[in-house]
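> Quick one, structure for this:
(one chain, ligands or ions: 1)
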Amino acid sequence: MKTVTVNASKQYDIRIGSGLLATLGEAAKQLGKAEKVCIVSDSTVWKLYGEVVQKNLEASGFQVIAYVFPAGESQKNGATLLELLSCLASHQLTRSDLIVALGGGVVGDLAGFAAATYLRGIRFIQVPTTLLAAVDSSVGGKTAIDLPEGKNLVGAFWQPSLVICDTDTLNTLPEDIFRDGCAEVIKYGILYDPDLFAALEHSGMGFDRESVIARCVELKRNVVMEDEFDTGARMKLNLGHTIGHSVEAKSQFTISHGKAVAIGIAIVSRAALCQDCQRILALLRQFSLPIHTDYTAEDLYIHALSDKKRSGSTVNLIIPNGIGDCAITPMNVDQIKSFIEAGL
Ligand SMILES: NC(=O)c1ccc[n+]([C@@H]2O[C@H](COP(=O)([O-])OP(=O)(O)OC[C@H]3O[C@@H](n4cnc5c(N)ncnc54)[C@H](O)[C@@H]3O)[C@@H](O)[C@H]2O)c1
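Residues are numbered from 1 along each chain as shown. Below is the predicted model:
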């Protein structure tokens, strides 16, 4: 097992390793005070791991409630949030009780936002079960729901009290969803860590999960500690995302997040004439991630203008100069279209 400690507005551990679901009850007990735990999960993850987690928490003396919703991004909405909040209230969870978010990024974002808002904030534990959630969404305290007008438009910064990542849960993840998470892993290599990038070139998809997840989490932890509220350095984590979000939105979400991010990374690498462009494209291809799109610069530009990171007439694009050397580059909306065109 590896442990990474985050020292942000809250201090907490992220534990990564095999067999960790079995340690959840005792770990939750060590946080103190709680009597009740509400497990929040989606229908797919609950079927696989719900019983094990519930029994483990009960064995540690907790009264356990479960809130399970249908799997899928479309459920990360206001109606599900209100139903979850009502569930917490009807079971009389108090401010000392706990939420456990058991699932991927959808569960983590929704349960985290419920934890941030119920009784003006209660503690929660992230138990990520997708690679994306393990390396990205479960760490750093961003919580959110979607609106019909766009993804993640309502949310809060609310750090978990603990993250338990049992790498065994990734064994049941469909390969395609695992591959989506790999796009984020590659992103960390390009942003911060040439050694991680080189290790991925060597291992391909068969990388050692515990050590690679721990390294990505460490890198994210460093950024979160520098810029918890996303006003500076944390923006770099957006590499490939501005254009990626445009690809996702344009495809009406038929192209998954990870694949859209891969396309976004490929476009900015080509457009910026990044010195390591060929290595980046080759690694994305090695992981069977796409590096081209049929959408035009006009299509992608329109969506990029609604990017959350836009401020006035400027969008901050993250531009790779080389592996381990990326820059936050403010770009006027007029320049973005020709930049995208250059990278297609
Ligand atoms: N908060 C953040 O910092 C942050 C960062 C990145 C992404 N996100 C959010 O994360 C979400 C995407 O997360 P995701 O890719 O994990 O999607 P997800 O939570 O929808 O999970 C993908 C699918 O995998 C299934 N699944 C999960 N774990 C499984 C397992 N172990 N075995 C079998 N099936 C399993 C789920 O039921 C779901 O159908 C988006 O809503 C995105 O906005 C948040």
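
> neighbours around the closest residue to residue 169 other than its chain neighbours, how many?
If the residues on either side of it in the chain are set aside, residue 169 comes closest to residue 129, at 4.3 Å by C-beta to C-beta, 6 or more residues apart in numbering. Any C-beta I mention is one placed from the backbone N, CA and C, and that applies to glycine too. Neighbour count of residue 129, defined by other C-beta atoms under 10 Å: 28.

> Let me know the pLDDT of residue 129.
In this prediction, residue 129 carries a pLDDT score of 98.

> Any chance of the backbone angles for it?
Here is the backbone geometry of residue 129 (degrees, to the nearest 10): phi -120, psi 0.

> What of the one 5 residues further on?
Here the main-chain torsion angles of residue 134 (degrees, to the nearest 10) amount to phi -60, psi -40.

> I figured it was touching residue 170, is that so?
Yes: between residue 134 and residue 170 there is a contact under C-beta atoms under 8 Å: 7.5 Å.

> Please say which of those two ends up with more neighbours.
residue 134 (32 against 18).

> re the thing from before, contacts only, for the residue nearest to residue 169.
By C-beta atoms under 8 Å, 6 or more residues apart in numbering, the contact set of residue 129 is 45, 48, 49, 102, 103, 104, 166, 169, 170, 173.

> part of a helix, is the fourth one?
No: the secondary structure assignment for residue 102 gives strand rather than a helix, going by DSSP: H, G, I helix; E, B strand; the rest coil.

> Name whatever forms a beta bridge with it.
residue 41, residue 127 (DSSP bridges).

> That one: how many residues sit nearby?
So residue 102, with other C-beta under 10 Å, has 31 neighbours.

> what about the residue nearest the centre of the chain, distance to the ligand?
Nearest residue to the geometric centre of the chain (C-alpha atoms, centre = their mean): residue 137, 2.5 Å. Shown here: residue 137 relative to the ligand, a distance of 3 Å by C-beta to the nearest ligand atom, to the nearest Å.

> Run through the helices of the stretch 1-150 of the chain in chain order.
Here the stretch 1-150 of the chain has its helices, by DSSP state H, counting those that start in this stretch, at 24-30, 43-45, 51-59, 78-90, 105-117, 131-132.

> can you list contacts of the shortest one?
With C-beta under 8 Å, 6+ apart as the contact definition, helix 131-132 has outside contacts at 104-105, 170, 173, 177-178, 180-182, 184-185, 209, 213, 257-258.

> What residues does the residue nearest to the centre of the chain make contact with?
104, 105, 108, 109, 128.

> near the ligand, from those residues?
Checked against the ligand using C-beta under 6 Å from any ligand atom, the contacts of residue 137 yield the following neighbours: 104, 105, 109.

> now the strands for the stretch 101-250 of the chain?
123-128, 142-147, 150-157, 162-166 (DSSP state E, counting those that start in this stretch).

> In terms of mean pLDDT, which of those strands ranks lowest?
strand 150-157 (a mean of 92).

> CA-only coordinates of that one, as PDB, when you get a sec.
The C-alpha coordinates for strand 150-157 follow below in PDB (Å, rounded to 0.1, in the frame of the first residue of the first chain):
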ATOM      1  CA  GLY A 150     -23.600  22.400 -19.100                       C
ATOM      2  CA  LYS A 151     -21.400  20.100 -17.100                       C
ATOM      3  CA  ASN A 152     -20.200  20.800 -13.600                       C
ATOM      4  CA  LEU A 153     -21.800  24.200 -13.500                       C
ATOM      5  CA  VAL A 154     -22.800  24.000  -9.800                       C
ATOM      6  CA  GLY A 155     -20.400  22.800  -7.200                       C
ATOM      7  CA  ALA A 156     -18.200  23.500  -4.300                       C
ATOM      8  CA  PHE A 157     -14.600  23.000  -3.100                       C
END
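
> near the ligand, anything from that strand?
Yes: Strand 150-157 lies within reach of the ligand by C-beta under 6 Å from any ligand atom, at 151, 152.

> next one: stretch 177-193
Yes: legend: contact between stretch 177-193 and the ligand by C-beta under 6 Å from any ligand atom is shown at 177, 180.

> anything in stretch 204-214 near the ligand?
No: interface with the ligand: stretch 204-214 contributes nothing (C-beta under 6 Å from any ligand atom), its closest point being 12.2 Å away.

> For the stretch 51-200 of the chain, which residues are neighbours of the ligand?
71, 73, 76, 103-107, 109, 129-130, 132-133, 136-137, 140, 142, 151-152, 169, 172-173, 177, 180.

> Residue 7 contacts residue 225, correct?
Yes: Residue 7 is within contact range of residue 225, at 5.8 Å (criterion: C-beta under 8 Å).

> what angle do the helix or strand of the chain with the lowest mean pLDDT and strand 150-157 make?
Lowest on mean pLDDT, DSSP states H and E among the helices and strands of the chain sits helix 297-304, with a mean of 85. Between helix 297-304 and strand 150-157, the angle comes out at 30 degrees (axes from the mean of the first three to the mean of the last three C-alpha atoms, to 10 degrees).
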